[in-house]
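Participant: Have a look at this fold, sequence not included:
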Ligand SMILES: *[C@@H]1O[C@H](CO)[C@@H](O)[C@H](O)[C@H]1NC(C)=O
């Protein structure tokens, strides 16, 4: 479990952030690309999207990862994909605390430190605690996550390998953290990944850096399979041409999260007392979190409804706070689906567009064969009023974060295979997918639109 979204924001950070926007709004709109670029005729010929195979699952692993090649010669590292934070970091081969990987899988910096006078360094320090004594000093960083985990280290810049879907490969230099002091507090601590891939909206994020270099449009999407695995894409060429539900990104979010709202909660298609939820879309969080009040109401709704069923609370299963057992241990989500009603989030200011949460999107089956509620109390873990849509609820959907048009979209999909729209499919090079072996084990090279 890792709620990567929430870094502790001191008041002065907030002030500085506001100031930043007072000074830079014109610059920001000037650099964003003209909208009509999107309607290019030759959609496939100048496509510049990249796609990565995703590994992992919600339970038991608690994370979804991609492998990225870094350095020269390139070496592969696995990163937890995190739309809830900005900074990408990798466990560092330096005297290291909390490095869980064997030494040969640690990243070795070599004279490639980012200097503290650089814009990138200023970008991770939006607080005035940061002191850059001399511009050529190294750039230290520290990130804290909502689960109290953290990484401390130094910023470096190195080549990463970005394989475009058209078969070309580019190797831009990207800044990221070399983490030599990690703390883990999650349920599955310590995590087994080499690092975190920060895909948030801030300027240091992996996505923002690729976009600033002119390599990719400011869009990502992921499809996380309920069976494990899936895919992650950069750029807008792989957005399905139909069926996507779009809602505007919530503009007021200080931490530059991908958030939307307000939303009300529906239970079995009916309105509940829960409304006005601001929701953060966060692939770095394994589970979904609601504020205490909404959480308690949800637990009551689900539990009261189960009274008619032959399910009892499984108090001895400590996998998650609330679990139920059946007459026999459950083997799959398919077996429990009929006991539980669907939930849905309805976006109040977006024509009540809905984000469906079928039982598979809020339950896990534990190794003991019980069904546990994958919606947790966010207030209890320090999220206060924030609500997070985590991996469990993002599964079996293509979820798109479109910073070009400031909107978030989703559509049901089979994430076991690559689902793309037809225009792209025609120009999609099987050469790339087969040669690089990207879809060899889990994603057979079948390309087609998924309509469910
Ligand atoms: C693939 O796309 C990139 C980015 O648009 C472009 O620079 C490159 O020339 C393209 N390669 C091929 C083989 O078309």
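Facilitator: Done, it's in. Because the structure is predicted, anything quoted here is derived from the model rather than measured.
Participant: Show me what the strand or helix carrying residue 293 is packed up against.
Facilitator: Residue 293 belongs to helix 292-306 when elements are defined using DSSP states H and E. With contacts defined as 3 or more CB pairs under 8 Å, 6 or more residues apart in numbering; DSSP states H and E, helix 292-306 has these neighbours: strand 259-267, strand 375-377. (Glycine included, C-beta is placed from N, CA and C.)
Participant: ok, then the element right after the last one?
Facilitator: Using DSSP H and E, the helix or strand that directly follows strand 375-377 along the chain is strand 387-389.
Participant: Run through the neighbouring helices and strands of that following strand.
Facilitator: Using 3+ CB pairs under 8 Å, 6+ apart, the elements in contact with strand 387-389 are strand 277-281, strand 288-290.
Participant: Which of those has the highest mean neighbour count?
Facilitator: strand 288-290 (a mean of 27; mean count of other CB atoms under 10 Å).
Participant: Which residues does it contact?
Facilitator: Here strand 288-290 makes contact (CB atoms under 8 Å, 6 or more residues apart in numbering) with 3, 274, 277, 295, 298, 362, 374-378, 381, 383, 386-390, 392-393.
Participant: gap between the two ends of stretch 201-220?
Facilitator: Start to finish, the residues bounding stretch 201-220 are 11 Å apart (CA to CA, to the nearest Å).
Participant: Can you give the domain ranges for this structure?
Facilitator: Per automatic domain parsing, the structural domains of the chain span 46-241+416-423, 245-412.
Participant: and the helix or strand that the helix holding residue 293 is followed by, what's its mean pLDDT?
Facilitator: Next along the chain after helix 292-306, taking DSSP H and E as the criterion, comes strand 312-313. Averaged over strand 312-313, pLDDT sits at 94.
Participant: count of neighbours near the residue of the stretch 251-400 of the chain found nearest the ligand?
Facilitator: Of all residues in the stretch 251-400 of the chain, residue 400 sits closest to the ligand, at 19.6 Å by CB to the nearest ligand atom. Look at residue 400: counted by other CB atoms under 10 Å, it has 23 neighbours.
Participant: Pretty sure it sits against residue 413.
Facilitator: No. The criterion here is CB atoms under 8 Å, and residue 400 misses it with residue 413 at 10.9 Å.
Participant: List the contacts of whichever residue of the stretch 1-150 of the chain sits closest to the ligand.
Facilitator: Here the residue of the stretch 1-150 of the chain nearest the ligand is residue 48; by CB to the nearest ligand atom that distance is 3.3 Å. Contact analysis of residue 48 by CB under 8 Å, 6+ apart lists 164, 166, 215, 216, 217, 235, 237.
Participant: what's the burial count for residue 86?
Facilitator: Neighbour tally, residue 86, other CB under 10 Å: 26.
Participant: Please read the previous query as pertaining to residue 111.
Facilitator: 5.
Participant: Same check on residue 266?
Facilitator: For residue 266, using other CB under 10 Å, the count is 20.
Participant: Could you report the distance from the nearest residue to it once chain neighbours are set aside to residue 247?
Facilitator: Spatially, and ignoring its direct neighbours in sequence, residue 266 is nearest to residue 344 (4.2 Å; CB to CB, 6 or more residues apart in numbering). Going from residue 344 to residue 247 by CB to CB, to the nearest Å gives 13 Å.
Participant: What of residue 361?
Facilitator: For residue 361 relative to residue 247 (CB to CB), the value is 17 Å.
Participant: Between these two, point out the one with more neighbours.
Facilitator: The neighbour comparison of residue 361 against residue 247 (other CB under 10 Å) goes to residue 361, with 25 against 19.
Participant: Could you report the neighbour count for the nearest residue to residue 114 once chain neighbours are set aside?
Facilitator: In this structure, residue 114 finds its nearest non-sequential neighbour in residue 155, 3.9 Å apart by CB to CB, 6+ apart. Neighbour count for residue 155, taken as other CB under 10 Å: 26.
Participant: Done for today, thanks.
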